[in-house]
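Colleague: fold the following, please.
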Amino acid sequence: MLRITKISGPLVTAQIVESSDKPKILETVYVGRNKLLGEIVSIIADEVNIQVYEETSGLTVAEEVILKNELLSVELGPGLLGNIFDGIQRPLAEIDKVSPVFIQPGIHLANLDQEKKWLFHCEKSIGDLVKVGDRIGYVQETEFLKNWTLVPNGIEGEIVEIKSGECTVKDIICIVKTDLGNKNIALSHKWPVKIAKPIIQKLTPNKLFKTGQRVIDCLFPILLGGPVTTPGPFGAGKTFTQQQLAKWSNAEIVVYVGCGERGNEMTEMVKLFPQLTDPKSGRPLMERTVLIANTSNMPIAAREASVYTGMTIAEYFRDMGYNVVLMADSTSRWAESMREISARLGEMPADEGYPAYLSSRISAFYERAGIVKTLSGETGSVTAIGTVSPAGGDFSEPVTQASLKSTQVFLALDEKLAAKRHYPSINWQTSYSLYEDQYAQLIQEVPNGKEFIQNRNLAKQILNSEDSLLETVKLVGVDGLDNADRLIIEIAKCLREDFLQQNGFDEIDTYCSFEKMMKMIEVIIGIYSKMLTIINSSITNDDTVGVFFDSKVKYLLSQIKYKKELSEIDDIYSEILKKLPKIN
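Modeller: Residues are numbered from 1 along each chain as shown. Take a look at the predicted model:
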């Protein structure tokens, strides 16, 4: 038996009073008379430190702590999609019926609906030999997504019983004869959140993660299974960018973790997603989404668990062969929860008070992302995209730096761009992607891919040249530049305002297909090339660039982002070319 000796917010210290009790690190426990869920984080002699995932107000010294003899786990099975959970996978819709407005401590509900009937289709027969990861059947969870039941870890042998038909998540659907006796397989199973699900092999990313956001798809490409970090100060548009990626990416499953974010932002997500139509299926986007909400007013210890809960659910769908995107918003709040628990434990602080293991924890989290060969032989992926909220926009702070070391794509959000209503507010000077070589190889296989790579590289050169030219303009004015340099400034402005900037509230511009993006950059760079030829042809005067970019031409260029059909963009291009001077 364990009894509470000290309470410090979410950290509770208990003493072992019976020698028969053998608590283990990371074992879950019930704390106090309300049976608050907690996890053992350290054991020193006969003292046990427990982080409690619920509000500890009202808890008193000498109350009992009960060992559960299991690690913190989530239930995996049909019913995850379209649902909203808290950080330890309690269904918030069901909690609202018991405790509206605020979650009262000590509420213990089933993670998945235990009464709902699912139609199970078996794909194995009696006598078949199965091993870990093999598919034995599926539930058609949504119109377009099958929830496959896989042989759980530790089971290998011959099927002696299997059934199809309606069943609940707890019903036994298959019995396997193993060397250790018969093992039952239900429609759902549990898995510890802090242990990565096993795989056969981690593969090299080889497919594009298309986001529908031109600044990412063109300048800072992401590959399926790539770890991504998006740091930015308050108000820079981190959550907005995450929402856009969740809505429009080519991932089949979306797991969105609101870790310590404001309640109004999660409320917006909860209200927005059911109203969104999935562009692939025409069905509600929520049908392929799992939301995990651990807002800033919820117990801080559950924040640490929420990102692991999200990753474990993502791995569950990955093992079925799906491409999953995990959005963690934000990892800074996760790191803050680690810092608070570490401080209460009396651990030696490192940079800015964060624990010394901060970097290894962040690395271990992102390491669970990737494209893999699953135990069933399928190929699946988890693309992990985590935001960081550095205080004052200081990217040298520990969480940002630890994320930089662990990720392949760095999307730096700029509050100055956000202040100008330039969204996504990704700074094209400080952001980068380490997938440049793979991206170039993949795009060259696409029709007109080589031309697009050339146009893209030229666009990046123009944007880089603009910075130095603007410094010159501050000294000598625009009139001090020659026509070629003035052209660069005008084209760079066009790239910024008409290409990189997207209107997230416009029905057409909120999402840009890859084909449309290629066409847009082709038009803008095409105009630049033709203008440069005209400038170099010696038929121009000092005001040539000003004539080229009259209000009509600028207006026509600004409209290409709002055109749905590629033929409409071609028509605008032709109309602009007619206005340019002809070279004899």
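
Colleague: walking through the stretch 251-400 of the chain, point out its helices one by one.
Modeller: Chain-ordered helices for the stretch 251-400 of the chain, with DSSP state H, counting those that start in this stretch as the definition, fall at 263-272, 301-318, 331-345, 358-367, 398-406.

Colleague: single out the most deeply packed of the ones you listed.
Modeller: Sort the helices of the stretch 251-400 of the chain by mean neighbour count, taking mean count of other C-beta atoms under 10 Å, and helix 301-318 sits at the top with a mean of 27. Where you see a C-beta, it was placed from the backbone N, CA and C, and this is true even at glycine.

Colleague: angle of it against helix 358-367?
Modeller: Between helix 301-318 and helix 358-367, the angle comes out at 30 degrees (axes from the mean of the first three to the mean of the last three C-alpha atoms, to 10 degrees).

Colleague: next, the angle from helix 301-318 to helix 331-345.
Modeller: What separates the directions of helix 301-318 and helix 331-345 is an angle of 130 degrees, with the same axes, to 10 degrees.

Colleague: about what we covered before: out of the helices of the stretch 251-400 of the chain, which is closest to residue 166?
Modeller: helix 301-318 (22.4 Å; C-beta to C-beta).

Colleague: alpha carbons of that closest one, as CSV, please.
Modeller: This file holds the C-alpha atoms of helix 301-318, laid out as CSV (Å, rounded to 0.1, in the frame of the first residue of the first chain):
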residue,chain,number,x,y,z
ALA,A,301,0.7,17.1,-16.3
ALA,A,302,-1.8,15.8,-19.0
ARG,A,303,0.0,18.1,-21.5
GLU,A,304,3.0,15.9,-21.5
ALA,A,305,0.8,12.8,-22.1
SER,A,306,-1.2,14.5,-24.9
VAL,A,307,1.6,14.5,-27.5
TYR,A,308,2.3,10.8,-26.8
THR,A,309,-1.4,10.0,-27.0
GLY,A,310,-1.5,11.7,-30.4
MET,A,311,1.6,10.0,-31.7
THR,A,312,0.4,6.5,-30.6
ILE,A,313,-3.0,7.0,-32.3
ALA,A,314,-1.1,8.2,-35.4
GLU,A,315,1.1,5.1,-35.3
TYR,A,316,-2.0,2.9,-35.0
PHE,A,317,-3.4,4.2,-38.4
ARG,A,318,0.1,4.1,-39.9
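
Colleague: can you add distance to residue 87 and mean pLDDT and give the helices of the stretch 251-400 of the chain back as TSV?
Modeller: Converted to TSV, the helices of the stretch 251-400 of the chain look like this (distance: least, C-beta to C-beta, whole Å; pLDDT from 0 to 100):
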stretch	distance to residue 87	mean pLDDT
helix 263-272	12	74
helix 301-318	3	94
helix 331-345	10	92
helix 358-367	14	95
helix 398-406	19	94
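
Colleague: show me what contacts residue 518?
Modeller: Neighbouring residues of residue 518 by C-beta atoms under 8 Å, 6 or more residues apart in numbering: 446, 448, 452.

Colleague: at 10 Å what do you get?
Modeller: For residue 518, the contact set (C-beta atoms under 10 Å, 6 or more residues apart in numbering) comprises 217, 218, 443, 446, 447, 448, 449, 451, 452, 455, 456, 566.

Colleague: same deal with residue 343?
Modeller: By C-beta under 10 Å, 6+ apart, the residues touching residue 343 are 8, 11, 349, 353, 354, 355.

Colleague: now the buried members of those residues.
Modeller: 11, 354, 355 (16 or more other C-beta atoms under 10 Å).

Colleague: residue 120 and residue 146 touch, don't they?
Modeller: No. With contacts defined as C-beta atoms under 10 Å, residue 120 does not count as touching residue 146, sitting 11.0 Å away.

Colleague: more crowded one of the two?
Modeller: Regarding residue 120 and residue 146, a neighbour count based on other C-beta atoms under 10 Å identifies residue 120 as having more, with 23 against 17.

Colleague: do you know the pLDDT at the more buried one?
Modeller: For residue 120, the model assigns a pLDDT of 96.

Colleague: and what of residue 548?
Modeller: For residue 548, the model assigns a pLDDT of 64.

Colleague: ok so, going back, what's the overlap in contacts for residue 120 and residue 146?
Modeller: What both residue 120 and residue 146 touch, as defined by C-beta under 10 Å, 6+ apart, is the set 78, 137, 138, 139, 140.

Colleague: show me what contacts the nearest residue to the last one once chain neighbours are set aside?
Modeller: Nearest residue to residue 140 in three dimensions, chain neighbours excluded: residue 146, at 5.8 Å (C-beta to C-beta, 6 or more residues apart in numbering). The contact partners of residue 146, taken as C-beta under 10 Å, 6+ apart, are 78, 121, 135, 137, 138, 139, 140, 320, 321, 322.

Colleague: which of these are buried?
Modeller: Of the members of the contacts of residue 146, the ones counted as buried by neighbours, 16+ other C-beta under 10 Å, are 78, 135, 137, 138, 139, 320, 321, 322.

Colleague: quick one: which of these sit in strands?
Modeller: In this view, the buried ones among the contacts of residue 146 that belong to strands under DSSP state E are 135, 137, 138, 139.

Colleague: closest one to residue 436 out of those residues, please.
Modeller: Scanning these for proximity to residue 436, where the rule is C-beta to C-beta, the winner is residue 135, at 37.0 Å.

Colleague: contacting residues for that closest one?
Modeller: Residue 135 makes contacts with 122-124, 146, 148-151, 320-321, 376-378, as judged by C-beta under 10 Å, 6+ apart.

Colleague: narrow the buried ones among the contacts of residue 343 to those in strands?
Modeller: Among the buried ones among the contacts of residue 343, DSSP E puts residue 11 in strands.

Colleague: hmm, back to that, got the buried ones among the contacts of residue 146 as CSV, with pLDDT and distance to residue 185 columns?
Modeller: Converted to CSV, those look like this (pLDDT from 0 to 100; distance: C-beta to C-beta, whole Å):
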residue, pLDDT, distance to residue 185
78, 95, 14
135, 94, 12
137, 95, 10
138, 96, 13
139, 96, 13
320, 95, 15
321, 95, 19
322, 96, 21
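
Colleague: quick one: which of these is nearest to residue 286?
Modeller: When the buried ones among the contacts of residue 146 are ranked by distance to residue 286 (C-beta to C-beta), residue 78 comes first, at 15.5 Å.

Colleague: look up how far residue 148 lies from that closest one.
Modeller: 10 Å (C-beta to C-beta, to the nearest Å).

Colleague: run a quick neighbour tally on residue 445.
Modeller: The number of residues packed around residue 445, counting by other C-beta under 10 Å, is 8.

Colleague: helices or strands next to the helix or strand harbouring residue 472 in the packing?
Modeller: Residue 472 belongs to helix 449-476 when assigned by DSSP states H and E. In this structure, helix 449-476 makes packing contacts with helix 436-444, helix 483-494, helix 514-535, judged by 3 or more C-beta pairs under 10 Å, 6 or more residues apart in numbering; DSSP states H and E.

Colleague: could I get the average pLDDT for that helix?
Modeller: pLDDT averaged over helix 449-476 equals 91, rounded to a whole number.

Colleague: now the strands for the stretch 101-250 of the chain?
Modeller: In order along the chain, the stretch 101-250 of the chain carries the following strands (DSSP state E, counting those that start in this stretch): 118-122, 129-130, 135-140, 146-150, 157-162, 165-167, 172-178, 181-186, 189-192, 201-203, 228-231.

Colleague: any chance of these in a markdown table with distance to residue 301 as columns?
Modeller: Compiled in a markdown table, the strands of the stretch 101-250 of the chain are given as follows (distance: least, C-beta to C-beta, whole Å):
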| stretch | distance to residue 301 |
| --- | --- |
| strand 118-122 | 33 |
| strand 129-130 | 39 |
| strand 135-140 | 33 |
| strand 146-150 | 30 |
| strand 157-162 | 40 |
| strand 165-167 | 35 |
| strand 172-178 | 35 |
| strand 181-186 | 30 |
| strand 189-192 | 17 |
| strand 201-203 | 31 |
| strand 228-231 | 24 |
